[in-house]
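A.B. asks: A structural model of the following input is requested.
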Amino acid sequence: MELLEHLNWPRSEQEFKCFGVFRAPGELLCAAEGIRKADGSHIFDSILRYLNLPEFDELASVSDVPSARVLTASQRIIEFSASWLTGNKQLDLKLGVTNTRRLGWSQATPPIHGWAWSRILLLLSNERFIETQKEDFTDGEILA
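C.D. replies: Here you go, the predicted model:
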């Protein structure tokens, strides 16, 4: 329950829209569509622009073609719905089979680890969680 309280997503009896970004294999950042910054923009706006990359009729050179990383970015962005269950004590993320498999869920269900931070939900596959536990977190990356 602490995670959901800290997440502080809209409380509604209706389903609400969410965005997810696979930042790395087995690592999904999620945010409710209704979560807005003070200026009215969404925290994922800079990423959501990759959903509709402009195409050009004529290219001057190969350097005009975006990298594969940019062209495939839309495959790492998902839209899904969520809803509250059991008196707003449980969150049902409707990620779908394909996306839950991308998080490591299959027939044998290993855990998916979750954390809330600044109204963002971080979901990690068990494999990604173990991988991050092997990394040094004292190497200078610090919150300001």
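A.B. asks: what about the residue of the chain most remote from its centre, distance to Arg36?
C.D. replies: Using CA atoms, centre = their mean, the residue of the chain lying farthest from its centre is Ala60. It sits 35.0 Å away. Between Ala60 and Arg36 the computed distance is 38 Å (CB to CB, to the nearest Å). Where you see a C-beta, it was placed from the backbone N, CA and C, and this is true even at glycine.
A.B. asks: name the element Gly104 belongs to?
C.D. replies: Assigned by DSSP states H and E, Gly104 falls within no helix or strand.
A.B. asks: mind checking pLDDT for it?
C.D. replies: In this model, Gly104 is scored at 77, pLDDT.
A.B. asks: find the nearest non-adjacent residue to it, please.
C.D. replies: The shortest distance from Gly104 to any residue other than its chain neighbours is 3.0 Å, reached at Ser125 (CB to CB, 6 or more residues apart in numbering).
A.B. asks: same check, this time on Lys94
C.D. replies: Of all residues apart from its sequence neighbours, Ser81 sits closest to Lys94 (CB to CB, 6+ apart), at 4.8 Å.
A.B. asks: just checking, what packs against the helix or strand Val70 falls within?
C.D. replies: Here Val70 sits within helix 68-71, counting by DSSP H and E. In terms of contacts (3 or more CB pairs under 8 Å, 6 or more residues apart in numbering; DSSP states H and E), helix 68-71 is packed against no helix or strand at all.
A.B. asks: low-confidence ranges in the protein?
C.D. replies: Under the criterion of pLDDT under 70, the regions of the chain flagged as low confidence span 1, 88, 106-109, 140-144.
A.B. asks: where do the strands of it begin and end?
C.D. replies: Ranges of strands within the chain are 16-24, 27-32, 77-85, 90-94, 112-117, 120-125, based on DSSP state E.
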